[in-house]
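**Q** Okay, predicted coordinates and the sequence, questions at the end:
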Amino acid sequence: PLLNDVFLEFEDRSGDRRLLHQLDGGGEYEILVSTLSGLLRYRLGDRVRVSGRFQKTPLLEFIGRAGVVSDLVGEKLTAEFVEAELAPLTGAYFCLLPRDQGYELWVDGGGGPGIDSEAADRVLRQNVHYDRAIRLGQLTPVQVGGCENLAERLRRCAESIRGSRGAFKPPSLVADRSLAAAISRELRRMPTAHKA
């Protein structure tokens, strides 16, 4: 944190706000910024985790964007849930893409076929709304695919689709359906991509 340039507040999952010195180790927060130029309590949309301390100052690790939610039929899968629950299963960078009647889980390093689609679906079914949608037949179980250098390929796909270059943070969940469909088409065309 730039301690002399901005005033930072941190909002936890329950909506409580804390100051920098009040953050818990391992805690996850959304950042609100106030600046000397008059910007007050601006939500950056970034989520951070306290990964340690340098002397008494918390070290902040970027863990994703706040407010990313995919909702095809009412399942409301959040980026926070997807990251927390699928990361231990995949052991590599991954991206969950919505499709017409369900989701595709793409895993970096060609590891997709090594991941059991049923195991991935069991993890997602911890979300009660996703589970209900599967049981009612509104969603089909997740499909798993693998792709070498997935983060780089996603960056290239996003650039070609959106036509812009610059900083790119590989997402774990793409909520925009049209962007997800375009990314899925591009990933399937790539020679090292494969579906399980």
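**A** Nice, thanks for sending it over.
**Q** Excluding covalently adjacent residues, which one is nearest to the residue positioned nearest the centre of the chain?
**A** Geometric centre of the chain, nearest residue: S172, 3.4 Å, by Cα atoms, centre = their mean. Nearest non-adjacent residue to S172, counting by Cβ to Cβ, 6 or more residues apart in numbering: E83, 4.7 Å away. C-beta here means a position set from N, CA and C on the backbone, and glycine is covered the same way.
**Q** if we can go back for a sec, so what pLDDT did the residue nearest to the centre of the chain get?
**A** On the pLDDT scale, S172 is placed at 88.
**Q** coming back round to it: you'd agree the residue nearest to S172 is in a helix?
**A** Yes - assessed with DSSP: H, G, I helix; E, B strand; the rest coil, E83 lies in a helix.
**Q** count of neighbours near it?
**A** Counted with other Cβ atoms under 10 Å, the neighbours of E83 add up to 18.
**Q** Is it correct that it is in contact with V123?
**A** No - contact criterion Cβ atoms under 8 Å: E83 and V123 do not qualify, at 11.6 Å.
**Q** still on that earlier bit, what about the residue nearest to S172, distance to L96?
**A** Between E83 and L96 the computed distance is 9 Å (Cβ to Cβ, to the nearest Å).
**Q** Give the intersection of the neighbour lists for those two.
**A** 172-173 (Cβ atoms under 8 Å, 6 or more residues apart in numbering).
**Q** ok, Q22 - how many residues close by?
**A** By other Cβ under 10 Å, 12 other residues sit near Q22.
**Q** same question, L20
**A** When neighbours are counted by other Cβ under 10 Å, L20 registers 16.
**Q** measure it to L139 for me?
**A** For L20, the distance to L139 equals 41 Å [Cβ to Cβ].
**Q** Okay, buried residues for the longest strand that the chain contains please.
**A** Criterion DSSP state E: the longest strand present in the chain is strand 42-54. Residues of strand 42-54 classed as buried: 46-50 (neighbour count, 16 or more other Cβ atoms under 10 Å).
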